[in-house]
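Q: below are the sequence and a predicted model; questions follow.
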Amino acid sequence: MSSLKQFIHEIHRRSLWQVLLIYIGGGWLVFEVVQTVTEGLGLPQWFPAFAALLLLIGLPVVVATAFVRDGEPATAVSDPTLIPVDEARSEAVLRRRFLTWRNATASFVVALAVWGMVAAGWMLFGVGEVETRAGAEGRPSVAALPFVNRSGLEEDEYFTDGIHDEILTLLSKISSLSVRGRTSVMQYRDTDKNVRQIGEELNARYVLEGGVQRAGGTVRINLQLLDAESDEHVWAETYDRPLTVENLLGVQSEVARRVTEALEATLTEEETARFGQMPTDNLEAYDYYLQGLEFMWRSFLERDILVAVRMFENATQLDSSFALAYAKLSLVHSRMYWYHLDRSEERLERAKQAVDRSLDLDSYLPEARLALGYYYYHGHLDYDRALQEFEAALTWQPGSVEILQGIGAVERRRGNFRVALTHFQNAVELSPRDPMVIADVAETQGRLLRNYTEAERHYNRVLALAPDLTAIHGLNAWLSIVSVGSITEARAALEEAADRGLDSVDNPFLGYAWVLVDIFDREYEAALTRLSSGSAVAFNNQWHYIPKALLAAQAYDLMNNPELARLHYDSAAAVLEARLREAPEDSRLFGALGVAHAGLGRLEDAVREGERGVDLLPVSKDAWRGLFRVEELALILTLTGQHDAAIDRIEFLLSVPGDMSVARLRLDPRWDRLRDHPRFQALLEKYE
């Protein structure tokens, strides 16, 4: 018998296949248990990997012990002549099988025992927890909870929150501390959770809490720093001061110093010097500044942003040397421009003038560098200049979640999606309960990298923290479409929003998602009913400007009702042409207008407009939004009968990161004209 045949014979004789199947199957079950236990006990994320390593180490041991059991049939009994040969052979086989199970089970037990001892030691002695809560690179981690408004007056809430925000910002500028982000800590206003719970949820070793009371011409600020593990006081102080800007800012600087000293952290010379700087000495200007912060943080809605603009403008009018107020003013102007609330050149110029004034007053102010970065990013898609400013800001404010988000957002637009994801994940470490930061991770994973399982996990985490975020319900529904093509799951996600009383009539995310789900489900009458509701003319966001008439036209087209389809295509074209006269460089309008003109039979105009949209915002200029312009062009080419050209664009979209998917293509009836095309069928199979 050849060596190879002999080896195969020995493998069969010694039941190695059984050993491997038993061990791999059991190992998978053990690993699932370990993952569940790890999460339940709050153990570090590397513990499942540690268990997997132990199981891998055990595999060769099991195989070896099974392989070396030679001659078992001959030695199964002391005198095989005393029993029949068949009975002796049967007993030997049973014994080998028993040894297989015994060796596999023993390896599982040993692996779990070692893992359990390490886990128990970790929890008992707290080594891992201390390291984890120490923050990045061993820095003490601090969570500054929202301060209590001791006056009890609602009109003083902005003042209390403003003092808290300023102290939090100062702490985030200290490089030797790891400070939890504002949005995460603000969730603990009026909480009944104890300090230990809060520390665990925020992954913070220390918690700063206190209150502010403004009464007449005086202010009292009382603070205490607690060790979240032991619930012991580390430091406490009460400040009673006459109400002046100098006193308020002096208290803020003093608190930052005392916290740093109490945690045995260090202040650099630059940090110490900046603590002594006064952004303004005008109390009324400072009060307007604090009100501006209140509305800036409140939402991205136009009404709140406009109030923030007015408050910051009031502050700068009262003190023309208030650099910090100018920086925030520039930031909200850029926000107006980016979210298509005001795309005028005047708005952009106001953002630039404000940040230039801020930098003239203080060229090292991180808030001004952040504002300038957003001016280049939101205003001009100048990613290199934006990154330069963001990185300078991060040098002076290393604990800023907002700066990390900015860097991640710019990298995402440049097409560096994994680099962007790393920055977003770093931001989550600093602000682990910030829904919008977690949503950045979810969108990058699901809408670009096609890591649908991770995206779903993060969307669910966002909804657990902020169940009333309407956009997330819509994005969660969209994920069901692009990942597995499930209409049922998409509807369930949207119904969950409806059950929470979230209105979809004019909401750009929920309303558009509902209509698309109805169209994908070929429930065109339901889509038309939804489109007839509400006062909005179009679904308007940074990705699209889609008149409701355009979606209605497509629904009628798919219902084979050409008269009503043409009527609505014409209405949509009129809306879009009017918008283009106001914003002739808005790429969103050209793609939508191209679809409308294709429906009207203006084929050359349709393709030209679709191509114009792509030219205005190519993928090379915006690696995320540019994909939507390519998709619109692909749809236009489909409607105009240029199917090969359309399939070329679809193939491109499937070959690069994005939320075009085979599951979505299979559902969407707007691609029905391509279904019988051999290239289209081959494309679906290729990227299945």
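A: Good, I have the coordinates.

Q: walk me through the domains of the protein.
A: Listed by automatic domain parsing, the domain ranges of the chain are 3-125, 139-275, 279-398, 537-686.

Q: surely residue 317 is in a helix?
A: Yes - counting by DSSP: H, G, I helix; E, B strand; the rest coil, residue 317 is found in a helix.

Q: counting neighbours, what do you get for it?
A: Residue 317: 12 surrounding residues under other C-beta atoms under 10 Å. No exception for glycine: its C-beta is placed from N, CA and C like everyone else's.

Q: gap between it and residue 373?
A: 25 Å (C-beta to C-beta, to the nearest Å).

Q: where does pLDDT dip in the stretch 51-200 of the chain?
A: Applying pLDDT under 70 to the stretch 51-200 of the chain flags the ranges 51-137.

Q: try 80 this time
A: Within the stretch 51-200 of the chain, the segments meeting pLDDT under 80 span 51-138.

Q: still on that earlier bit, can you redo the domains of the chain as CSV with distance to residue 524?
A: Putting the domains of the chain into CSV (distance: least, C-beta to C-beta, whole Å) gives the following:
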stretch, distance to residue 524
domain 3-125, 44
domain 139-275, 41
domain 279-398, 29
domain 537-686, 4
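
Q: between those domains, which has the poorest mean confidence score?
A: Of all the domains of the chain, mean pLDDT reaches its minimum on domain 3-125 (a mean of 54).

Q: now the strands: where do they sit in this structure?
A: 141-144, 148-149, 178-179, 206-215, 218-227, 232-242, 538-540, 545-547 (DSSP state E).

Q: contacts for the fifth one, please.
A: For strand 218-227, the external contacting residues (C-beta atoms under 8 Å, 6 or more residues apart in numbering) are 142, 147, 150, 163, 195, 205-213, 232-243, 247-248, 251, 255, 259, 262-263.

Q: buried subset of those residues, written for PyMOL?
A: Restricted to buried positions by 16 or more other C-beta atoms under 10 Å, the PyMOL selection for these reads:
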select buried, resi 142+147+150+163+195+205+206+207+208+209+210+211+212+213+234+235+239+247+248+251+255+259+262+263
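
Q: distance of residue 437 relative to residue 443?
A: 11 Å.

Q: looking at the two, which is more packed in?
A: The neighbour count for residue 437 versus residue 443, taken as other C-beta under 10 Å, is higher for residue 437 (27 against 21).

Q: how about the contacts made by the more buried one?
A: Residue 437 touches 181, 183, 401, 405, 424, 427, 428, 431, counting by C-beta under 8 Å, 6+ apart.

Q: go through those and flag which are in helices.
A: 183, 401, 405, 424, 427, 428 (DSSP state H).

Q: so the second one touches residue 425, yeah?
A: Think residue 401. No - contact criterion C-beta atoms under 8 Å: residue 401 and residue 425 do not qualify, at 11.8 Å.

Q: between the two, who's got more neighbours?
A: The neighbour count for residue 401 versus residue 425, taken as other C-beta under 10 Å, is higher for residue 401 (23 against 16).

Q: what pLDDT does the more buried one get?
A: Predicted confidence (pLDDT) for residue 401: 95.

Q: tell me who's in contact with the closest residue to it other than its chain neighbours.
A: Spatially, and ignoring its direct neighbours in sequence, residue 401 is nearest to residue 181 (3.8 Å; C-beta to C-beta, 6 or more residues apart in numbering). Applying C-beta under 8 Å, 6+ apart to residue 181 gives the contacts 401, 427, 430, 431, 434, 437.

Q: ok, the first one - contacts?
A: What that stands for is residue 401. 181, 182, 183, 427, 430, 431, 434, 437.

Q: next one: it from residue 659, what distance?
A: From residue 401 to residue 659 the distance is 25 Å (C-beta to C-beta).

Q: ditto for the fifth one
A: According to C-beta to C-beta, residue 434 stands 23 Å off from residue 659.

Q: quick one: contacts for residue 459?
A: Shown in contact with residue 459 (C-beta under 8 Å, 6+ apart): 439, 442, 446, 472, 475, 476, 479.

Q: do the same with residue 614
A: 587, 591, 626, 629, 630, 633 are the contacts of residue 614 under C-beta under 8 Å, 6+ apart.

Q: emit the ChimeraX select command for whichever of these are buried.
A: Burial among those is assessed by 16+ other C-beta under 10 Å; the matching ChimeraX selection reads:
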select :587,591,626,629,630,633
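
Q: tabulate the contacts of residue 614 (JSON lines), appending distance to residue 290.
A: Output for the contacts of residue 614, formatted as JSON lines (distance: C-beta to C-beta, whole Å):
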{"residue": "587", "distance to residue 290": "38"}
{"residue": "591", "distance to residue 290": "43"}
{"residue": "626", "distance to residue 290": "40"}
{"residue": "629", "distance to residue 290": "42"}
{"residue": "630", "distance to residue 290": "45"}
{"residue": "633", "distance to residue 290": "48"}
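
Q: and which of the contacts of residue 614 is nearest residue 501?
A: residue 591 (33.7 Å; C-beta to C-beta).

Q: right, and the closest one touches residue 608 too?
A: No - judged on C-beta under 8 Å, residue 591 makes no contact with residue 608 at a distance of 11.8 Å.

Q: any idea how many residues pack against the closest residue to residue 355 other than its chain neighbours?
A: Closest residue to residue 355 apart from its sequence neighbours, by C-beta to C-beta, 6+ apart: residue 330 at 3.8 Å. Residue 330 is flanked by 28 other residues according to other C-beta under 10 Å.

Q: residue 330 against residue 349, yeah?
A: No - Residue 330 lies out of contact with residue 349 (C-beta under 8 Å); the separation is 10.8 Å.

Q: what is in contact with the two at once?
A: With C-beta under 8 Å, 6+ apart as the test, residue 330 and residue 349 reach no residue in common.

Q: figure out the length between the terminal residues of stretch 173-190.
A: Start and end residues of stretch 173-190 are separated by 27 Å (C-alpha to C-alpha, to the nearest Å).

Q: make 39 the first number, not 1, from now on.
A: Yes, from this point I'll number from 39; that puts the last item at stretch 211-228.

Q: tally of neighbours for the closest residue to residue 423 other than its chain neighbours?
A: Spatial nearest neighbour of residue 423, chain neighbours left out: residue 414 (4.1 Å); criterion: C-beta to C-beta, 6+ apart. Residue neighbour count, defined by other C-beta under 10 Å, stands at 22 for residue 414.

Q: tell me what residue 179 is bridged to.
A: Residue 179 forms beta bridges with residue 216, as assigned by DSSP bridges.

Q: ok, it to residue 210 distance?
A: For residue 179 relative to residue 210 (C-beta to C-beta), the value is 12 Å.

Q: which residues sit against stretch 365-380?
A: Under C-beta under 8 Å, 6+ apart, the answer for stretch 365-380 is 327, 330-331, 334, 338, 340, 343-344, 346-347, 350-351, 354, 381-382, 385-386, 388-390, 392-393, 396, 403, 405-406, 408-410, 412-413, 416-417, 578-580, 583, 624.
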